[in-house]
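Asks: attaching a predicted model along with its sequence, questions to come.
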Amino acid sequence: MTHSPEIDQKRLRRAVILGPVIIGIFMLADMSLLPPSLYGIYLENRLLYQMPVVALVVVGVFQKQFEPYLKFLFSVLLLWLCFTNFALIHRCWTYFQFAFPYEGTILYAFFCVFALRIPYKYTFFCCVLILSGFLYLLYANAIYQERGPISAAFVAGGLFICVYARYRIDRSLQRMRSINNELKKLSTLDPLTNLNNRRALMQSSEALLALSARQQLSFSVLLLDLDDFKKFNDHFGHQKGDQAICLQADILQQVFRRQSDVISRYGGEEFMVALSGMSESDIKQKCEEFEAQWQYHAMTHAPDASHKIMTCSVGVALSENCVGEDLTSLIHHADQALYKVKVQTKGTYHITTLPAHRGTEC
Ligand SMILES: Nc1nc2c(ncn2[C@@H]2O[C@H](COP(=O)(O)OP(=O)(O)OP(=O)(O)O)[C@@H](O)[C@H]2O)c(=O)[nH]1
């Protein structure tokens with residue numbers, strides 16, 4: 001299941017607010033364990049060094065302009081929390097011979113890596129630095145005495161779990177994203193021609209029609225159907241038929257080159273093109289260019305077909321002012337125009353111009 005960026009952002013904001021609350025709860029627990037002589041350096045460490053940085057990060061998460069730098073900011077936060085904690089452990093030991101607990105290191109790492117979602121590479125880098133810092137702390141001070149090695153192993157193990165789990169999570173997310181993109185492609189593209197399929201066509205055409213209506217532009221639907229294609233298939237075989245369909249897709253892409261032109265496979269050997277802002281004479285010119293391309297390629301047709309070479313009939317519905325027009329009705333008019341061509345002269349085109357609607361915008 002995927003979430004929208006807005007939901008992700010809300011969750012991140014909630015998590016980052018939770019951070020100081022958890023630190024606050026731990027402070028109360030720590031204070032109940034600490035000898036009163038340590039209150040001063042403990043509160044100084046938490047309130048003067050840790051909390052201001054935590055507050056800065058919370059503010060950063062709520063500022064949109066910091067979004068690209070959040071992973072860096074969270075990594076700095078993690079390092080800062082761990083190293084200020086090491087400084088506290090060092091001071092408690094040096095001045096009061098008190099072995100302040102080290103387990104917070106692992107909690108900081110778990111929170112920043114999993115709740116704030118520091119990516120794998122940053123996590124790896126941070127965990128290496130944190131472990132090095134902790135090992136140096138143990139080397140420089142005999143804080144945990146005979147429990148030193150097991151403490152080191154515990155911190156190393158906790159950090160390793162962080163790195164490895166983050167790696168697996170990031171890999172799975174990456175795989176999910178690429179599968180999602182593939183599925184999206186499969187659900188919108190026709191596998192033979194790589195053009196939009198009917199579903200994507202309807203979405204794109206509706207959007208283009210709405211835009212054309214708002215800008216008071218003309219809108220036209222072209223239905224293009226290869227002639228006597230059944231005879232072609234029967235004579236040359238299905239594979240050659242597929243080649244003709246691919247050639248049709250190539251020709252359409254050559255003729256209708258504007259970025260806004262919507263080209264798609266409507267179904268079988270039928271294609272549809274939706275155009276915005278084209279006059280009747282522009283469309284005539286495009287249809288002639290299209291027919292000329294088929295003449296140029298001169299693909300030999302079946303002996304019993306109406307033409308010696310492959311041709312394509314085109315039916316066009318042109319709405320000069322598409323305000324109030326709907327796509328289904330335009331497709332219907334284009335289909336009727338195509339039918340006229342099929343029964344009269346295959347391999348040509350027919351344009352039906354629709355009168356301008358009056359009234360509400362579509
Ligand atoms: N090779 C191939 N053939 C297809 C594909 N999709 C549909 N067809 C064939 O296209 C043919 C369409 O035949 P008809 O609808 O009778 O149309 P037609 O023979 O072109 O006749 P007119 O439209 O009147 O010119 C059928 O034989 C389908 O099997 C495809 O993806 N590949």
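Replies: Thanks, I have it.
Asks: which parts of the stretch 151-300 of the chain are helices?
Replies: Assigned by DSSP state H, counting those that start in this stretch, the helices in the stretch 151-300 of the chain fall at 198-214, 229-236, 238-255, 280-297.
Asks: compile those helices into JSON lines and extend it with columns for mean pLDDT, distance to the ligand and mean neighbour count.
Replies: The way it works is simple: take the backbone N, C-alpha and C, and place the C-beta from them, glycine included. As requested, these are exported to JSON lines (pLDDT from 0 to 100; distance: least, C-beta to the nearest ligand atom, whole Å; neighbours: other C-beta atoms under 10 Å):
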{"stretch": "helix 198-214", "mean pLDDT": "93", "distance to the ligand": "13", "mean neighbour count": "18"}
{"stretch": "helix 229-236", "mean pLDDT": "97", "distance to the ligand": "3", "mean neighbour count": "17"}
{"stretch": "helix 238-255", "mean pLDDT": "97", "distance to the ligand": "3", "mean neighbour count": "16"}
{"stretch": "helix 280-297", "mean pLDDT": "97", "distance to the ligand": "13", "mean neighbour count": "15"}
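Asks: before we move on, which element is the residue nearest to Val57 when sequence neighbours are not counted in?
Replies: In this structure, Val57 finds its nearest non-sequential neighbour in Leu77, 5.0 Å apart by C-beta to C-beta, 6 or more residues apart in numbering. Following DSSP states H and E, one finds Leu77 within helix 70-96.
Asks: from the chain's centroid, how far away is that helix?
Replies: 36 Å (C-alpha atoms, centre = their mean, to the nearest Å).
Asks: which other helices and strands does the helix or strand that it is followed by contact?
Replies: The element immediately downstream of helix 70-96 (helix or strand, assigned by DSSP H and E) is helix 104-110. On a contact count with 3 or more C-beta pairs under 8 Å, 6 or more residues apart in numbering; DSSP states H and E, helix 104-110 meets helix 5-33, helix 70-96, helix 120-140, helix 148-188.
Asks: hey, least reliable of these by pLDDT?
Replies: Out of these, helix 5-33 stands lowest, with a mean of 88 (criterion: mean pLDDT).
Asks: what packs against that helix?
Replies: helix 39-43, helix 51-61, helix 104-110.
Asks: which of those sits closest to the ligand?
Replies: helix 51-61 (51.7 Å; C-beta to the nearest ligand atom).
Asks: what angle do helix 70-96 and the closest one make with each other?
Replies: 170 degrees (axes from the mean of the first three to the mean of the last three C-alpha atoms, to 10 degrees).
Asks: other residues contacting helix 51-61?
Replies: 12-13, 16-17, 19-20, 23, 66, 69-70, 73-74, 77, 80-81 (C-beta atoms under 8 Å, 6 or more residues apart in numbering).
Asks: intersect those with the contacts of the ligand.
Replies: Subset of the contacts of helix 51-61 in contact with the ligand: empty, counting by C-beta under 6 Å from any ligand atom.
Asks: would you check which pair of those residues lies furthest apart?
Replies: Ile23 and Tyr69 (22.3 Å; C-beta to C-beta).
Asks: what number of residues lie near Leu217?
Replies: 20 (other C-beta atoms under 10 Å).
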